[in-house]
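Trainee: Sequence first, then the predicted structure:
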Amino acid sequence: MLTISVPATSANLGPGFDSIGLALDLQLTLTVLGPSQTWQVDHPYGPHVPSDARNLMIKTALSLVPNLQPQHVQVTSDIPLARGLGSSSTAIVAGLVLANELAKAPFTKQELLLKATELEGHPDNVAPAILGGLVVATYDHDQVQAVSLPAPDLYASVYVPNEELLTSASREALPSDLPFKQAIAGSSVGNTLVAALATQNWPVALQLVEQDQFHEQYRAKLVPALATIRQTAHDLGLVGTYLSGAGPTVVTLGQKADLERLQQQLKLNTSLTGQYQLLPVDATGINVHKS
Ligand SMILES: Nc1ncnc2c1ncn2[C@@H]1O[C@H](COP(=O)(O)OP(=O)(O)OP(=O)(O)O)[C@@H](O)[C@H]1O
Ligand SMILES: N[C@@H](CCO)C(=O)O
């Protein structure tokens, strides 16, 4: 039996738009039950997600290795769809790993990363989904350069609103151009954030996570919870809140006890009705198990 696990990811960390991502310990698990006449995907997502060869995981697998023998696969997942926790990247990565394993692993991790980035369009979710931990990556439509940083010894307070927000809709809120001065200011924050993350300077990193100039201000109207959670955290003396991926999930990074206090406060004193999770970092990335 072949089992493939891929973690959820939280992209951007504020100013690392399209280039920084963190793997979190929520998993999608795909189990191959055996060969079948046609592709069959048992999944928990309901009728609007295809259960045959049109499923994103299977389409992705066939785009890598077109002549695969159809299989019956079972998918379980704790990762909500279209909420900013990298569900589409997880599905893409699971599909590529499925194809690679069924074809006796002709592709390297770096080749899978390039293919996953081509399909997703940017590497900030797929790179940590594959490699685990904290990854900084860039893609020039030809190559992907991904650099893993030490996995932070932090937790993520994850607030998941009840409503979906598709990445495509959230990207439509972004401007097509950025004034030069704003781009310079934004990149100086991003560069310093990477230096702080690389040296595990959490006080600086958590402050800079909140100083994005590239996307959050344009998306804020789509995600009112961002301002509410950031303000509630500030009232408790905590920084490190950002819009996870394209949203609407809001993540706050920090120490476990501080984040427990934050969640308690949010539940007691705000009208937010979504779901809360407190997650450690996933340091593993893709995990393949054969039995
Ligand atoms: N396991 C899966 N099987 C099939 N389709 C999936 C699966 N996971 C995600 N998808 C597809 O991907 C869509 C969500 O992708 P989208 O990029 O909008 O959000 P996300 O990846 O969850 O968030 P973000 O990229 O901001 O972290 C779903 O609506 C669904 O069509
Ligand atoms: N960097 C991407 C992540 C979601 O795919 C965004 O913010 O749109």
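Mentor: Yep, that arrived. No experiment lies behind these values; they were computed from the predicted model shown. Ligands and ions are numbered 1, 2, ... in the order given.
Trainee: where along this protein do the helices fall?
Mentor: 56-64, 87-102, 109-120, 126-131, 167-172, 180-198, 202-208, 216-219, 224-235, 256-269 (DSSP state H).
Trainee: Pick the most deeply packed of those helices.
Mentor: helix 126-131 (a mean of 30; mean count of other Cβ atoms under 10 Å). For glycine as for every other residue, the C-beta is placed from the backbone atoms N, C-alpha and C.
Trainee: Now look at that one and say if it contacts ligand 1.
Mentor: No: contact of helix 126-131 with ligand 1 (Cβ under 6 Å from any ligand atom) is absent, the minimum separation being 9.8 Å.
Trainee: gap between that helix and the chain center?
Mentor: How far helix 126-131 lies from its chain's middle: 9 Å, per Cα atoms, centre = their mean, to the nearest Å.
Trainee: sorry, back to before: among the helices of the chain, which comes closest to Thr31?
Mentor: Taking Cβ to Cβ, helix 87-102 is the member of these nearest to Thr31, at 10.3 Å.
Trainee: how far does the closest one sit from the chain's center?
Mentor: When C-alpha coordinates are averaged (Cα atoms, centre = their mean), helix 87-102 and its chain have centres 14 Å apart.
Trainee: swap in stretch 192-209?
Mentor: Worked out by Cα atoms, centre = their mean, stretch 192-209 lies 19 Å from the chain centre.
Trainee: So that stretch, near ligand 2 or not?
Mentor: No: on the criterion Cβ under 6 Å from any ligand atom, stretch 192-209 is out of touch with ligand 2, staying 14.0 Å away.
Trainee: and that stretch, how far apart are its ends?
Mentor: 10 Å (Cα to Cα, to the nearest Å).
Trainee: and that stretch, average pLDDT?
Mentor: For stretch 192-209, mean pLDDT rounds to 98.
Trainee: how about low-confidence regions in the stretch 101-250 of the chain?
Mentor: Within the stretch 101-250 of the chain, not a single segment meets pLDDT under 70.
Trainee: For it, which residues are neighbours of ligand 1?
Mentor: Contacts of the stretch 101-250 of the chain with ligand 1, taken as Cβ under 6 Å from any ligand atom, map to Asn125, Leu166, Thr167, Gly245, Ala246.
Trainee: residues contacting the fourth one?
Mentor: It refers to Gly245. Residues in contact with Gly245, defined by Cβ atoms under 8 Å, 6 or more residues apart in numbering, are Thr9, Ser10, Ala11, Asn12, Gly84, Leu85, Gly86, Asp124, Asn125, Thr167.
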